[in-house]
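**Q** Fold the following, please.
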Amino acid sequence: MENLERFGLVEPLLRSIEKGKPYLGICLGLQILFSESEEFGSHQGLDVIKGKVVRFRPDPEVKVPHMGWNTIEWRDQPRCFKG
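**A** You can find the predicted model right below:
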């Protein structure tokens, strides 16, 4: 987010998303779409997706960093998955 702000990319990125242009966010690219993230401290995101990315809590059953696929349950199917 700091670099997006520094280089004046926040508004153009939000306008592009609002126009319906595809956006693929992987890892950090996905996290910045949320309202807030706990990655490296608490930071505000773009607030495109309402919610907070939280750190894994210490658990011997959970490998960190986590690599793999999880199950996702949608309240409403995102537009990017329709059709």
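**Q** Name the residue most distant from the centre of the chain?
**A** The C-alpha centroid of the chain is most remote from residue 60, which lies 25.4 Å away (C-alpha atoms, centre = their mean).
**Q** Is it in a helix, a strand, or coil?
**A** Here residue 60 is recorded as coil under DSSP: H, G, I helix; E, B strand; the rest coil.
**Q** Next one: it from residue 51, what distance?
**A** Going from residue 60 to residue 51 by C-beta to C-beta, to the nearest Å gives 27 Å. Using the backbone N, CA and C atoms, a C-beta is placed for each residue, glycine as well.
**Q** repeat for residue 11
**A** Going from residue 11 to residue 51 by C-beta to C-beta gives 22 Å.
**Q** Which stretches in the chain count as strands?
**A** With strands called from DSSP state E, the chain shows them at 34-37, 43-44, 49-53.
**Q** which strands and helices sit next to the second one?
**A** Where contact means 3 or more C-beta pairs under 8 Å, 6 or more residues apart in numbering; DSSP states H and E, strand 43-44 is packed against strand 34-37.
**Q** List the pairing partners of the strand it packs on within its sheet, with orientation.
**A** When pairs are called by DSSP bridges, strand 34-37 turns out to pair with strand 43-44 (antiparallel), strand 49-53 (parallel).
**Q** can you tell me the average pLDDT over that strand?
**A** The average pLDDT within strand 34-37 is 95.
**Q** Other residues contacting it?
**A** Strand 34-37 is contacted by residues 31, 42-53 when judged by C-beta atoms under 8 Å, 6 or more residues apart in numbering.
**Q** Pull out the buried residues from these.
**A** Among the contacts of strand 34-37, those scoring as buried are 31, 45-46, 49, 53 (criterion: 16 or more other C-beta atoms under 10 Å).
**Q** May I see the residues you listed organised as CSV, with pLDDT and distance to residue 77 added?
**A** Below are the buried ones among the contacts of strand 34-37 laid out as CSV (pLDDT from 0 to 100; distance: C-beta to C-beta, whole Å):
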residue, pLDDT, distance to residue 77
31, 92, 21
45, 95, 22
46, 96, 21
49, 94, 14
53, 92, 21
